[in-house]
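*Asks:* Sequence first, predicted model second:
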Amino acid sequence: LAQLGFEITAIDFSIGLLAELEQNTLEFKPTIVEGDIRQVSDYQLLRPELIICGGDTLAHLHNWTEIEKFIYDCNAT
């Protein structure tokens, strides 16, 4: 996506994963944010065109209600 000209913002609560991302993206620097993607509405000022979650994101949610809220919040953003 960065090669196509999109601005990339990476949000994660894992400082270690964000550091690894930063080291592996020397050519295209994403904006790195330590945070909780479950609070997706906190990032609505970024006006995302696309929200991608790694395969384990939904597994960190505790129940269907949290999953539904997360998806709803992504759509509202």
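*Replies:* Everything's here; your move. In this text the structure is predicted, and so the values were computed from the model without any measurement.
*Asks:* what's residue 9 sitting at in phi/psi?
*Replies:* With angles defined as degrees, to the nearest 10, residue 9 sits at phi -120, psi 120.
*Asks:* What residues does the residue nearest to it when sequence neighbours are not counted make contact with?
*Replies:* In space, and not counting its chain neighbours, residue 9 is closest to residue 31: 4.4 Å by Cβ to Cβ, 6 or more residues apart in numbering. For every residue, glycine as well, the C-beta is placed using N, CA and C. Residue 31 sits next to 7, 8, 9, 10 when contact means Cβ atoms under 8 Å, 6 or more residues apart in numbering.
*Asks:* Filter these down to the buried ones and hand me the PyMOL line.
*Replies:* Remark: buried members of these, expressed as a PyMOL selection using 16 or more other Cβ atoms under 10 Å:
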select buried, resi 10
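*Asks:* which ones among the contacts of residue 31 are found in strands?
*Replies:* If you go by DSSP state E, the contacts of residue 31 have 9, 10 in strands.
*Asks:* Contacts only, for the residue most central in space within the chain.
*Replies:* Nearest to the geometric centre of the chain sits residue 11, at 4.1 Å (Cα atoms, centre = their mean). Going by Cβ under 8 Å, 6+ apart, residue 11 touches 33, 34, 35, 36, 37, 43.
*Asks:* could you redo those as a markdown table and give each row neighbour count, secondary structure and distance to residue 18?
*Replies:* Below are those laid out as a markdown table (neighbours: other Cβ atoms under 10 Å; DSSP: H, G, I helix; E, B strand; the rest coil; distance: Cβ to Cβ, whole Å):
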| residue | neighbour count | secondary structure | distance to residue 18 |
| --- | --- | --- | --- |
| 33 | 16 | strand | 8 |
| 34 | 11 | strand | 6 |
| 35 | 16 | coil | 10 |
| 36 | 12 | coil | 13 |
| 37 | 20 | helix | 12 |
| 43 | 17 | helix | 15 |
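*Asks:* which pair in these spans the largest distance?
*Replies:* Maximum pairwise distance among the contacts of residue 11 (Cβ to Cβ): 12.4 Å, between 34 and 43.
*Asks:* so what's the residue nearest to residue 21 when sequence neighbours are not counted up against?
*Replies:* Of all residues not flanking residue 21 in the chain, residue 10 sits nearest, at 5.6 Å (Cβ to Cβ, 6+ apart). By Cβ under 8 Å, 6+ apart, the contact set of residue 10 is 18, 21, 30, 31, 32, 33.
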